[in-house]
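Undergrad: Build me a model:
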Amino acid sequence: MPDSQPRLAPGCRWATHAEKPVVLYPEGMIRVQGTGQNILELCDGERTIQQIVATLAEKYAASEPDKIMDDVCSFLEGLRNKRIVDY
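TA: Have a look, this model is predicted:
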């Protein structure tokens, strides 16, 4: 999984709702903010999960990379189950 290259799934796209970033998907909309938004913005289909974790580790230097990897994988797996992210 660390070598997977996540991206928004077909039919999903960024938008704004009430001036806040959201992801629209065929079944609805999710509001993303904070760390979740940071993760999704890095999911461009080119960066690997490992590269995303490395980028976040630089931004959140106080966190351990292993914990960031676990959190990112868990977050993305949840979105994958909802068919919002593909990898």
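
Undergrad: Give me the below-cutoff pLDDT ranges for this protein.
TA: Scanning the chain for pLDDT under 70 picks out nothing.

Undergrad: and if we set it to 90?
TA: Scanning the chain for pLDDT under 90 picks out 1-2, 60-65.

Undergrad: Pick out the residue nearest the middle of it.
TA: L40 (2.9 Å; C-alpha atoms, centre = their mean).

Undergrad: what about that one, helix or strand, and which?
TA: Assigned by DSSP states H and E, L40 belongs to helix 34-42.

Undergrad: who does whichever helix or strand comes after that helix touch, helix- and strand-wise?
TA: On the C-terminal side of helix 34-42, the closest following helix or strand by DSSP H and E is helix 49-59. Other helices and strands packing on helix 49-59, by 3 or more C-beta pairs under 8 Å, 6 or more residues apart in numbering; DSSP states H and E, are helix 34-42, helix 65-81. No exception for glycine: its C-beta is placed from N, CA and C like everyone else's.

Undergrad: how close does M29 sit to A15?
TA: Distance, M29 to A15, by C-beta to C-beta, to the nearest Å: 8 Å.

Undergrad: So which residue of the chain lies furthest out from the middle?
TA: Each residue of the chain has a distance to the centre, and by C-alpha atoms, centre = their mean the biggest one is for A18: 21.0 Å.
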